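mind folding the following:
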Amino acid sequence: MFAGLTAGLTGALLGSKLLRFNRNQTIVCGILTGALSGYFFTQAFLSSHLAQLLDQQQQQTDSSWSSDG
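Here you go, the predicted structure:
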């Protein structure tokens with residue numbers, strides 16, 4: 001969440017100062033930047049955590065195979 005907020009603020013400031021957006025364009029730029037950044041950070045963390053869970057599950061199934069026989 002904080003990544004999206006800081007990215008939105010940064011995007012709005014850059015849009016305002018460097019690209020010379022007017023007020024409405026700056027607001028839209030900040031909202032879109034924050035939303036996209038938050039979405040992509042969420043997807044990255046989700047896939048990272050899922051990979052860790054799958055690895056743990058694989059280790060558990062491997063250990064149960066070795067203890068059975």
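
what sits against Leu9?
Neighbouring residues of Leu9 by C-beta atoms under 8 Å, 6 or more residues apart in numbering: 30, 34. For glycine as for every other residue, the C-beta is placed from the backbone atoms N, C-alpha and C.

where does it sit: helix, strand or coil?
Under DSSP: H, G, I helix; E, B strand; the rest coil, Leu9 falls in the helix class.

could you do the one 3 residues further on as well?
Secondary structure for Ala12, judged by three-state DSSP, is helix.

got the contact list for it?
Contacts for Ala12 (C-beta under 8 Å, 6+ apart) come out as 26-27, 29-30, 33.

next one: the helix or strand that Ala51 is a member of to chain centre, how far?
Ala51 is part of helix 23-68 when elements are defined by DSSP states H and E. Centroid displacement of helix 23-68 relative to its chain, using C-alpha atoms, centre = their mean, to the nearest Å, is 7 Å.

before we move on, the earlier item: which of the contacts of Ala12 are buried?
26, 29-30, 33 (16 or more other C-beta atoms under 10 Å).

can I get those in JSON lines including pLDDT?
Listed next are these as JSON lines, based on pLDDT from 0 to 100:
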{"residue": "Thr26", "pLDDT": "92"}
{"residue": "Cys29", "pLDDT": "91"}
{"residue": "Gly30", "pLDDT": "91"}
{"residue": "Thr33", "pLDDT": "93"}
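
just curious, which of the residues you listed is nearest to Gln57?
For the buried ones among the contacts of Ala12, the minimum distance to Gln57 (C-beta to C-beta) is 36.3 Å, reached by Thr33.

distance of the closest one relative to Leu14?
Distance, Thr33 to Leu14, by C-beta to C-beta, to the nearest Å: 9 Å.

please apply the same query to Gly38.
17 Å.

with adjacent residues omitted, what lies nearest to the one residue sitting closest to the centre of the chain?
For the chain, the residue nearest the mean C-alpha position is Phe41 (0.4 Å; C-alpha atoms, centre = their mean). Among residues not flanking Phe41 along the chain, Ala3 sits closest, at 4.6 Å (C-beta to C-beta, 6 or more residues apart in numbering).
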